[in-house]
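Student: Kindly return the folded structure for what I paste below:
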Amino acid sequence: MASFKIFIKSKKLTLKRGSILFAAFLFSFVIFSIKVYLIGKTESDIVEKFFGFILIVLLVLGLINSITRQQLDGKLEGKIIFDSEKIVIGDTTYNLADIRIIKIDIRNYKGQLISSDAGFWEMFSNGVNNEVNITLNSGEVIKCYFQINYQREILRANKSLKNYVDKGKLLKKNYLDITS
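Tutor: Sure, this is the predicted structure:
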């Protein structure tokens, strides 16, 4: 029996650190460029110095942001438990007898490098882009995102996953894709 944290995506638009930093940098750059190239030199170049300083600060903050993990666009709440005879998602239990098919998609893990570009965007994953789709015998599809903390963590559920394959609930190809 292995458990993972459930990720619930936010339904609201979330402003992320990288987007805010990039927008502030772009705005400052436009003001700086207008001052330097259109207005030109004046006796007091305080605007030029101020926006030049702001640009440097925003670049440094952008570089610092790029070495952090992605900002969560939602919250971690509850657990998904892979048991040999059932799957528990939060407070709801799905027995294998009620399940037609299980599909698991492992896309990333916490701390995985997702971009090698140093800039305004985060370089490391938060590990929540993993999902399980459960199709019940009634035709209802249950979708759940969950967090993986390290690369091969799904192998903690290997016994249960193997049991799902043996009972025809998880395709062998899907099992091999997520465990190899």
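
Student: Confirm residue 25 sits in a helix?
Tutor: Yes. Using DSSP: H, G, I helix; E, B strand; the rest coil, the assignment for residue 25 is a helix.

Student: And the pLDDT at it?
Tutor: Predicted confidence (pLDDT) for residue 25: 88.

Student: Please report how far it lies from residue 129.
Tutor: 27 Å (Cβ to Cβ, to the nearest Å). All C-beta spots, glycine's among them, are computed from the backbone N, C-alpha and C.

Student: For the closest residue to residue 111 other than its chain neighbours, give me phi and psi.
Tutor: In space, and not counting its chain neighbours, residue 111 is closest to residue 124: 5.4 Å by Cβ to Cβ, 6 or more residues apart in numbering. Dihedral pair for residue 124: phi -120, psi 140, per degrees, to the nearest 10.

Student: in this protein, what spans have low per-residue confidence?
Tutor: The chain contains residues with pLDDT under 70 at 69, 116-120.

Student: Tell me where it has strands.
Tutor: Ranges of strands in the chain, per DSSP state E, are 2-9, 74-82, 86-89, 92-95, 99-105, 110-113, 124-126, 130-136, 141-146.

Student: most distant residue from the middle of the protein?
Tutor: Distance from the centre of the chain peaks at residue 43, with 49.7 Å (Cα atoms, centre = their mean).

Student: pull the longest helix from the chain.
Tutor: When the chain is parsed with DSSP state H, its longest helix is helix 46-66.

Student: how far away is residue 5 from residue 62?
Tutor: 29 Å.

Student: Please parse the chain into its domains.
Tutor: 2-11+77-179, 17-66 (automatic domain parsing).

Student: and among those, the most buried is which?
Tutor: domain 2-11+77-179 (a mean of 16; mean count of other Cβ atoms under 10 Å).

Student: how far does that domain stretch from start to finish?
Tutor: By Cα to Cα, to the nearest Å, the extent of domain 2-11+77-179 from end to end equals 14 Å.

Student: do the same with stretch 68-75
Tutor: Stretch 68-75: ends 18 Å apart by Cα to Cα.

Student: surely residue 135 meets residue 98?
Tutor: No. Using Cβ atoms under 8 Å, residue 135 is not in contact with residue 98; the gap is 10.4 Å.
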